[in-house]
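Chemist: Build me a model:
(2 chains)
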Amino acid sequence: MREAAAWTPVALLGALGALALGAAVLDGVLVAGPRRGGAADPFREVARLLVQQRRRTLLADTLLVRTGVYGLLLVAVLAGVVLPLGDRPVADLAAGVVWFNAMEVCAWGALWLTGWGVNSVYPLVGGYRFVAQGVAYELPHMFALITAALGAGSLRVGDVVAAQRGLWFAVWMPVALAVYLVSAVAMAFWGPMDGPVAPDIAGGVRAELSGPDRLVFQAGRYTLLAVVAAAAVPLFLGGGAGPVLPPWLWTSLKTVAVLALLVWIGYGLPTVRMDRFMWLSWLVLIPAALLQLLVVAIVVL
Amino acid sequence: MGLSAWLTRHAAARPRPIVVTAPHGTRLRLLTEAELSRRGWRDARSPAGADLLVVCGTPADALTRAVQVVWTETPVPRALVELRGDPRPGRVATALDDAVGRLADARSQHLDAAGRANAPAPLPHPDSEGQDGGHGGEHDEGHSEGHGEGHGEGHSGGHGHRMGDPGGVPMARRGPDRDGLALDRLHVPLGPVLVDWPAGLVVETVLQGDVIQRARVEVAAGLGEERFWDAPWLAALEGRHVPRGEAARRRAASHLDSLGRLLSVAGWRGAAAESRRLRDRLLWERPHEGLSRGRAGAEVSRDFTGFARRVRRSRLLGWMLRDLGTARPAPGRAVPVPGDVAASLDRWLDETGAALEDLGDRSPLGDSEGPRGPVDERPSEELLAVLPALVTGTELAVARLIVAGLDPDLDQVRPAREASHG
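Modeler: Residues are numbered from 1 along each chain as shown, chains lettered A, B, ... in the order given. The predicted structure is shown next:
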């Protein structure tokens, strides 16, 4: 493990914060409509939630709820530590891809704890939905990650970037990228995979959250979305590679592009229900991801 | 106080409203939604996420109680706006501006929070005790969000502490479900306060997991007479002169309202917003210089064509809506239920397109075929009658789509029906 400079954790937090806020601003603009002041909504929302009362539900398991709410933000940040900001990440782990996946899976737990802990129907239903969603997306997601790692012959994120010096993985493993993006959106429970927090169940998992709890939950959700978007860059889009501009700027530009795409998709597509999506996931996404894995394995050999 | 007062003021400028509508309050709801959309205010999904409660129309008893529960659930800072009686567009804007002022008043919000901490626990409703055997962890009849919850010290008071029931709340009873599992049965009312939900509708459900095992329809009534969507046809039946174009405008707006609701429940925020903007333009856009009403209608018609094409072209939406709500109603029903939810969507798009062609028709209206069928037969009563059978055995997400696909208009429901329940 190479030593990272002392400022990189600060840079990571700053970058994730800026990306999360940017995603919230873009979403605000989309929702409010053009020229209706939606860009400032996230800032007002922060102000509102900071001064808002924290409400309690009857017989809630506060420890579980707090663990879930704060855990979501924590694992999103922890998943980000293996992503290279310019040339190197905060923690250049030998099994960085596995670490990234492990942290993401913790989001699964965080959401379920929140949904379960508040002792209320709609959050509970939101929790159920996310568990079902996990069954649908997690396997294709892991296969997509493993495909990138196999192409590089290493689980280190830096090596995956280095292996794309000639040709981006997005070009010769497009199926893996597509599967990654679909499953990443599901992971971040973002539209069209936003069933766990959907309006039809009054906001689902977050239905009962108010005040600082809601603020942290929302921050965690946007950070997770930013992290899964950012991870697509080193895994499939060549990391910091690009002409003229320095690597950190290329990384940022690509990340912003992927993130904007995800936010826009969330606004422009209807919610995918897991009762319908499940067969697509198991009968199309998993076989497609496995075939892609096979092709990559043959090429690498 | 300095910083929190500043934050309070900053946040108050754009509150997140939750809109509750009583039956016969449709006109006020539409005016409110148009004004909220004009201001670009983002709506809240649940009382916890809201700071502004807007009540449109005059709720009767059950709905009044539900509104009270929602109000106690709304965290401070909060403001309440009650719109009733004579609806003038200007009044809605003024009321919302006033609410912003109250939300920005950090001092009185502070007092509200303090008063709340000292307030006596709200009493549970008398009918929340001793319902059918499996009264679950969920109580609070008429409770908007349908969760068994209060404010910590709150609602447990009246239930009596049974042995083994934590906090005095009865534990959920179990029963076999469709997959052969023994899961908790929860008694959950859907509505009356739920976003994108027909005003005044309450579906009392027994849930296992997120599957509805039993469903029963109730109506949380509102005071008043007006049937906004049926008004042109009712007037024509009374012998008044109503131009066909006027009725066509109302029909198109009604279907766009239904479409907006269905698309929103389906999670397609972009298309839902588009549908509602078209609706608002049809209903409230006044002709101004250089733009006659006919021209404005032509512009709406053109924008609708693009919107309809995008909605129809979405394979994802079709895939999600197909084959939902196809259970057949009992024989002998007067009103045929449209096939699946996808068919409702298609029908609304077709009829809206056709109605937009007729906006300029000045000939007198001679039929009684309103947006939901013959207005004198009150088709929504039939929709409510078939609703329980359609949603029983479905998951909550599917049930919500089915309800949105039927979109009953409770303004049509006679008081007699309301009295027969309870």
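Chemist: what's the nearest residue to residue B:221 once chain neighbours are set aside in contact with, if anything?
Modeler: With sequence-adjacent residues excluded and distances taken as Cβ to Cβ, 6 or more residues apart in numbering or on different chains, residue B:221 is closest to residue B:60, at 4.2 Å. Any C-beta I mention is one placed from the backbone N, CA and C, and that applies to glycine too. Residue B:60 sits next to B:22, B:220, B:221, B:222, B:223 when contact means Cβ atoms under 8 Å, 6 or more residues apart in numbering or on different chains.
Chemist: Give me the buried entries from those residues.
Modeler: For those, a burial check counting by 16 or more other Cβ atoms under 10 Å in any protein chain shown picks out B:22, B:220, B:221, B:222.
Chemist: The first one: what's it in contact with?
Modeler: Residues near residue B:22 by Cβ under 8 Å, 6+ apart: B:55-60, B:63, B:199-200, B:220-224.
Chemist: Among the contacts of residue B:60, find me the one that's closest to residue A:154.
Modeler: Nearest to residue A:154 out of these is residue B:220 (Cβ to Cβ; 61.8 Å).
Chemist: and the closest one, backbone torsions?
Modeler: phi -90, psi 100 (degrees, to the nearest 10).
Chemist: Equivalent analysis for the one 5 residues further on, please.
Modeler: With angles defined as degrees, to the nearest 10, residue B:225 shows backbone torsions of phi -120, psi -30.
Chemist: if I pick it, what's in contact with it?
Modeler: Residue B:225 touches residue B:24, counting by Cβ under 8 Å, 6+ apart.
Chemist: What of residue B:39?
Modeler: Neighbouring residues of residue B:39 by Cβ under 8 Å, 6+ apart: A:36, B:14, B:96.
Chemist: For chain A, what's its nearest residue on the stretch 301-422 of chain B.
Modeler: Residue nearest to chain A within the stretch 301-422 of chain B: residue B:400 (4.3 Å; Cβ to the nearest Cβ).
Chemist: okay, now that residue: neighbour count?
Modeler: Around residue B:400 there are 24 other residues, counting by other Cβ atoms under 10 Å in any protein chain shown.
Chemist: mind checking which helix or strand it is in?
Modeler: helix B:396-406 (DSSP states H and E).
Chemist: what does the stretch 301-422 of chain B have sitting close to chain A?
Modeler: By Cβ under 8 Å from any Cβ of the partner chain, the residues of the stretch 301-422 of chain B that approach chain A are B:314, B:316, B:317, B:319, B:320, B:395, B:396, B:397, B:398, B:400, B:401.
Chemist: Name the member of those residues with the most neighbours.
Modeler: Neighbour-wise, those (other Cβ under 10 Å) top out at residue B:401, 28 neighbours.
Chemist: Please name the residues that touch that residue.
Modeler: Counting by Cβ under 8 Å, 6+ apart, residue B:401 makes contact with A:200, B:262, B:265, B:266, B:320, B:321, B:324, B:325, B:341.
Chemist: Name the nearest of these relative to residue B:351.
Modeler: For these, the nearest to residue B:351 is residue B:262 (13.9 Å; Cβ to Cβ).
Chemist: just the angle between the helix or strand harbouring the closest one and helix B:396-406, please?
Modeler: Assigned by DSSP H and E, residue B:262 belongs to helix B:244-265. Our comparison of helix B:244-265 with helix B:396-406, counting by axes from the mean of the first three to the mean of the last three Cα atoms, to 10 degrees, yields an angle of 180 degrees.
Chemist: The helix or strand immediately after helix B:244-265 in the chain: which residues count as buried?
Modeler: Later in the chain than helix B:244-265, the nearest helix or strand by DSSP H and E is helix B:269-284. Burial within helix B:269-284, assessed by neighbour count using 16+ other Cβ under 10 Å, is assigned to B:269-283.
Chemist: which ones among the residues you listed come in contact with chain A?
Modeler: Within those, those near chain A by Cβ under 8 Å from any Cβ are B:269, B:270, B:271, B:273, B:277.
Chemist: and the gap between the residue lying closest to residue A:285 once chain neighbours are set aside and residue A:178?
Modeler: Closest residue to residue A:285 apart from its sequence neighbours, by Cβ to Cβ, 6+ apart: residue A:140 at 4.1 Å. In this view, residue A:140 and residue A:178 are 10 Å apart by Cβ to Cβ, to the nearest Å.
Chemist: Look at these two and report which has more neighbours.
Modeler: residue A:140 (26 against 18).
Chemist: can you pull out the helices in the stretch 1-150 of chain A?
Modeler: In the stretch 1-150 of chain A, the helices defined using DSSP state H, counting those that start in this stretch lie at A:8-32, A:41-51, A:62-80, A:96-117, A:121-152.
Chemist: try chain B
Modeler: Listed in chain order, the helices of chain B (DSSP state H) span B:2-12, B:26-39, B:61-73, B:89-104, B:106-118, B:231-237, B:244-265, B:269-284, B:293-313, B:315-321, B:341-357, B:379-391, B:396-406, B:415-419.
Chemist: weakest of those helices by average pLDDT?
Modeler: Note on the helices of chain B: helix B:415-419 shows the lowest mean pLDDT, a mean of 54.
Chemist: out of the contacts of residue B:22, who's nearest residue B:190?
Modeler: For these, the closest approach to residue B:190 (Cβ to Cβ) belongs to residue B:220, at 11.5 Å.
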